[in-house]
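[1] task: produce atomic coordinates for the following.
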Amino acid sequence: MFDFSKILQQFVYNQQEPILFNTGFFLFLFTGFMAVYALLYKTHRAKITFVTLFSLFFYYKSSGIYFLVLIGSTLVDYTMANYIFNSKNNLEKKFWLVFSLVVNLGLLGYFKYTNFVLSIFYGFTNQTFEPLDIFLPVGVSFFTFQSLSYTIDIYRGALKPVKSIFDYAFFVSFFPQLVAGPIVRAHDFIPQLYKPTFVSKEMFGRALFLISCGLFKKAVISDYISVNFIDRIFDNPTLYSGFENLMGVYAYALQIYCDFSGYSDMAIGIALLLGFEFCLNFDSPYQSNNITEFWRKWHMSLSSWLRDYLYISLGGNRVGKFRSYINLFITMLLGGLWHGASINFIFWGALHGTGLATHKYYLEIKNKMSKSFTKFFDNQWISTLVTFHFVCFCWIFFRAPNFDIAKQLLNQITSNFNGSIAFTFITSYYKIVLLILLGYALHLVPKKYETISLNWFTQSSTKVKLAIMLLVIVIFIQVKSAEIQPFIYFQF
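    Alright, predicted model coming up:
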């Protein structure tokens with residue numbers, strides 16, 4: 001006999017069980033959503049209203065009453081954008097833009113950085129600090145940046161305001177990318193609102209392919225190696241040899257890629273099923289030959305946002321060579337702070353800022369250096385390995401809960417390596433090793449083979465598509481841990 005009270009409880013916010021793409025409840029909910037969407041998608045106002053309401057419910061299931069923050073941000077930026085567009089002079093435009101920036105960054109600062117700033121202040125004054133009980137709404141960093149792209153683009157004259165606040169609410173709250181990206185730009189997404197919604201056979205096939213790939217990367221590879229290996233290493237590095245710690249770093253580099261790119265794949269796929277196109281967010285970043293290329297391929301929606309709205313606003317390359325290095329450093333430093341309120345994230349951003357500035361400097365003096373030196377570092381294999389290991393080194397500070405853990409891990413690698421246990425490690429963790437090898441092998445597959453696989457999947461019959469998706473779900477059920485693992489970027 002059905003217990004309807006338990007079913008109804010699924011629709012109420014539970015902080016311990018936020019709604020995730022890789023849960024049975026979301027599959028059930030999305031099935032019902034698609035059934036209604038199929039009836040409404042041809043009517044603009046009905047489609048906009050229904051999807052917006054569903055998106056707000058989706059966010060409510062992620063952050064509870066704090067869905068009102070999303071609504072408040074929507075109202076403010078919709079109003080400010082209209083004021084900016086209708087302003088009679090630049091001074092007035094700047095005033096309304098600054099008002100939008102203050103409100104959005106103020107909200108972000110309160111929820112994300114209040115305790116961090118207070119802890120620093122109390123540290124300087126040698127006082128004991130008790131963190132305030134401030135809830136961090138899921139994805140606040142993402143929808144804040146997304147909303148700011150709208151007001152800034154209108155200020156720059158690159159975009160005109162939407163026709164109604166409901167259209168803008170649809171853009172800001174669109175649920176596939178709401179809580180963990182990709183950060184969708186207003187000028188990329190809003191024009192799609194006013195075109196007839198259409199899902200071609202190719203879009204449908206690509207959507208299922210991306211959803212299947214995303215689910216496999218997240219739920220099979222990322223979650224398994226995290227729960228059964230990585231978390232243990234980073235919880236207490238001193239319990240393990242330097243070799244095991246190094247394998248933990250390599251494993252984490254794969255985990256965060258599979259976790260975040262897996263979410264992006266699913267978000268892009270779900271949006272495609274609804275007739276909307278998102279830009280690519282990951283493009284085999286660990287194949288990069290240098291750190292600049294890495295940031296063109298990793299979390300592309302964030303890196304391009306930081307470039308267009310922060311780096312260029314600071315002056316970019318237009319203010320001289322030295323200032324351009326400083327601008328790169330500041331951009332990545334703030335990019336690190338965007339990820340989280342801790343010294344670790346700031347240091348991670350500083351490392352990447354230094355890396356980008358160093359590479360830029362190298363390109364400028366390359367012709368003055370010895371050919372043997374430049375030939376060595378320009379070798380594709382060597383440059384890729386150097387870039388990958390620099391990124392992995394930076395990941396240590398990104399993942400470690402504090403600096404002490406990061407130092408312990410590095411100390412184990414440099415002073416207690418003990419490579420002789422490699423065979424024992426492989427036999428003891430053979431499932432982990434196989435998944436890591438599989439993950440990196442799939443990541444390193446040349447682009448043309450990925451395209452061939454996508455084309456084959458797209459052109460295959462619906463039965464084949466569904467069979468492959470079912471296979472991925474079965475594998476997920478076999479390897480999943482007792483608790484569904486949230487996406488890493490939910491905390492940002």
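[2] for the rest of this, base every contact and every neighbour count on C-alpha atoms.
    OK.
[3] Met34: neighbouring residues, count only.
    Per other Cα atoms under 10 Å, the neighbour tally for Met34 reads 14.
[4] where does it sit: helix, strand or coil?
    Three-state call for Met34 (DSSP: H, G, I helix; E, B strand; the rest coil): helix.
[5] then Tyr362?
    Going by three-state DSSP: Tyr362 is helix.
[6] and the chain, what are its domains?
    13-197, 202-282+369-491 (automatic domain parsing).
[7] now these as TSV including mean pLDDT?
    Shown next, in TSV, are the domains of the chain (pLDDT from 0 to 100):
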stretch	mean pLDDT
domain 13-197	86
domain 202-282+369-491	87
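[8] and the ones you listed: which comes nearest Trp338?
    domain 13-197 (7.2 Å; Cα to Cα).
[9] can you list the domains of the chain in TSV and add distance to Thr292?
    Output for those, formatted as TSV (distance: least, Cα to Cα, whole Å):
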stretch	distance to Thr292
domain 13-197	20
domain 202-282+369-491	9
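[10] of all the ones you listed, which one is nearest Met332?
    The nearest among the domains of the chain, by Cα to Cα, is domain 202-282+369-491 at 12.6 Å.
[11] OK, contacts around Asn289?
    Applying Cα atoms under 8 Å, 6 or more residues apart in numbering, one finds that Asn289 lies in contact with Gln380, Trp381, Ser383, Thr384, Leu385, Thr387.
[12] hang on, I meant Asn115
    So Asn115 contacts Pro131, Leu132 (Cα under 8 Å, 6+ apart).
[13] which strand or helix spans it?
    helix 90-124 (DSSP states H and E).
[14] so which bits of that helix are buried?
    Using 16 or more other Cα atoms under 10 Å as the burial criterion, the residues of helix 90-124 that qualify are 93, 96-97, 100-101, 103-105, 107-109, 111-113, 115, 119.
[15] same check on stretch 248-256?
    Neighbour counts over stretch 248-256 (16+ other Cα under 10 Å) mark Gly248, Val249, Tyr250, Ala251, Tyr252, Ala253, Leu254, Gln255, Ile256 as buried.
[16] can you pull the phi/psi pair for Lys160?
    phi -100, psi 150 (degrees, to the nearest 10).
[17] ok, and the closest non-adjacent residue to it?
    Nearest residue to Lys160 in three dimensions, chain neighbours excluded: Ile154, at 6.0 Å (Cα to Cα, 6 or more residues apart in numbering).
[18] got it, and Phe170?
    Using Cα to Cα, 6+ apart, the nearest residue to Phe170 is Thr52, at 5.1 Å.
[19] pretty sure the one you found contacts Val172?
    No - applying Cα atoms under 8 Å, one finds Thr52 not in contact with Val172, separated by 9.1 Å.
[20] which one of these two is surrounded by more residues?
    Val172 (28 against 22).
[21] tell me the first helix or strand C-terminal of the one helix or strand the more buried one maps to.
    Here Val172 sits within helix 165-173, counting by DSSP H and E. Per DSSP H and E, helix 165-173 leads on to helix 186-193 as the next helix or strand towards the C-terminus.
[22] next, the angle from that following helix to helix 165-173.
    Orientation check (axes from the mean of the first three to the mean of the last three Cα atoms, to 10 degrees): helix 186-193 against helix 165-173 gives 130 degrees.
[23] extract the CA atoms of the very next helix or strand once past helix 186-193 and return them as CSV.
    Later in the chain than helix 186-193, the nearest helix or strand by DSSP H and E is helix 201-215. Presented in CSV, the C-alpha positions along helix 201-215 are these (Å, rounded to 0.1, in the frame of the first residue of the first chain):
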residue,chain,number,x,y,z
LYS,A,201,16.7,14.2,-34.5
GLU,A,202,20.4,15.3,-34.3
MET,A,203,19.7,17.4,-31.2
PHE,A,204,17.8,14.6,-29.6
GLY,A,205,20.6,12.1,-30.3
ARG,A,206,23.3,14.5,-29.0
ALA,A,207,21.2,15.2,-25.9
LEU,A,208,21.0,11.5,-25.0
PHE,A,209,24.7,11.0,-25.8
LEU,A,210,25.7,13.9,-23.5
ILE,A,211,23.4,12.8,-20.7
SER,A,212,24.8,9.2,-20.9
CYS,A,213,28.4,10.4,-20.9
GLY,A,214,27.8,12.9,-18.1
LEU,A,215,26.1,10.3,-15.9
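[24] if you rank the contacts of Asn289 by neighbours, which is first?
    That'd be Thr387 among the contacts of Asn289, by other Cα under 10 Å, with 22 neighbours.
[25] helix, strand or coil: sort out that residue for me.
    Going by three-state DSSP: Thr387 is helix.
[26] the stretch 351-492 of the chain: helices as residue ranges?
    371-378, 380-399, 403-415, 422-428, 430-444, 447-459, 462-479 (DSSP state H, counting those that start in this stretch).
[27] quick one: Ile211 and Ile270 touch, right?
    Yes - using Cα under 8 Å, Ile211 is in contact with Ile270, at 7.2 Å.
[28] quick one on the thing from earlier: and the helix holding Asn115, how far out from the chain middle?
    Helix 90-124 has its C-alpha centroid displaced from the chain centroid by 22 Å (Cα atoms, centre = their mean, to the nearest Å).
[29] please apply the same query to stretch 18-36.
    Worked out by Cα atoms, centre = their mean, stretch 18-36 lies 21 Å from the chain centre.
[30] again, but for stretch 346-356
    With Cα atoms, centre = their mean, you get 18 Å for stretch 346-356.
[31] picking that back up, nearest to Asn416 among the buried residues of helix 90-124?
    Ser119 (34.3 Å).
[32] who are the neighbours in contact with the closest one?
    Phe129, Pro131 are the contacts of Ser119 under Cα under 8 Å, 6+ apart.
[33] quick check: the gap between it and Ala81.
    36 Å (Cα to Cα, to the nearest Å).
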